[in-house]
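[1] All I have is the shape, not the residue letters:
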């Protein structure tokens, strides 16, 4: 590869990256928050790199041997997974939370690994954490639909 060809390719890539960052981040979109366009672009690119490393879904064991919790790590959606050895009617997936929490409570930038789930001492309750915003929810699984769901935990 000649030096001239290398410089043309490097300049083209630089021009594309600059054009992309200017179209992705309007000039005054982050004004007053202490973030520059460069910081935002770096954060966006870092999220995309992490997305490749983090799984899209995770399974969490409960104290009930027949039940797992499935977390969609990009959106915070939770499902209750039941399996059975003998009875097909006892297998299934029940929704705990159908909402895209990242879009509702955060930047709306969904990427794998954004949400994490933590077990508590109560076998039916977990803590759901948005690792980007720090928001937390109490998540409860149950066979009874009235007792299944999530509740936001607010800071005082």
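    Now that the structure is in, tell me what you want to look at. Nothing here was measured: the structure is a model prediction, and the numbers come from that model. Residues are numbered from 1 along each chain as shown.

[2] quick one, helices of this protein?
    For the chain, the helices defined by DSSP state H cover 3-24, 37-53, 101-105.

[3] tell me which residues in the shortest one are buried?
    For helix 101-105, a neighbour-count test (16 or more other CB atoms under 10 Å) marks 101-102, 105 as buried. For every residue, glycine as well, the C-beta is placed using N, CA and C.

[4] Tell me the helices and strands packed up against that helix.
    strand 125-130 (3 or more CB pairs under 8 Å, 6 or more residues apart in numbering; DSSP states H and E).

[5] Direction included, what does the strand it packs on pair against?
    Here strand 125-130 is paired, per DSSP bridges, with strand 115-119 (antiparallel), strand 136-140 (antiparallel).

[6] Contacts for the last one, please.
    Which is strand 136-140. 69, 76, 78, 96-97, 101, 117, 124-130, 147-153 (CB atoms under 8 Å, 6 or more residues apart in numbering).

[7] Give me the mean pLDDT for it.
    The average of the pLDDT scores along strand 136-140 is 96.

[8] Any stretches of this protein with poor pLDDT?
    Scanning the chain for pLDDT under 70 picks out the ranges 1-8, 10-52, 106.

[9] Residue 57 contacts residue 70, correct?
    Yes. Using CB atoms under 8 Å, residue 57 is in contact with residue 70, at 5.9 Å.

[10] Of those two, which one has the most company?
    Taking neighbours as other CB atoms under 10 Å, residue 57 and residue 70 compare with residue 70 leading, 17 against 12.

[11] Quick check: the gap between that one and residue 98.
    Residue 70 sits 13 Å away from residue 98, going by CB to CB, to the nearest Å.

[12] for residue 136, same thing?
    Using CB to CB, residue 136 is found at 19 Å from residue 98.

[13] Have a look at the two and say which one is more surrounded.
    Set residue 136 next to residue 98 and count neighbours by other CB under 10 Å: residue 136 wins out with 15 against 11.

[14] Skipping adjacent residues, who's closest to that one in space?
    Nearest residue to residue 136, sequence neighbours excluded (CB to CB, 6 or more residues apart in numbering): residue 153, at 4.6 Å.

[15] neighbours around residue 137, how many?
    22.

[16] and the gap between it and residue 154?
    For residue 137, the distance to residue 154 - CB to CB - is 10 Å.

[17] ditto for residue 135
    In this view, residue 135 and residue 154 are 9 Å apart by CB to CB.
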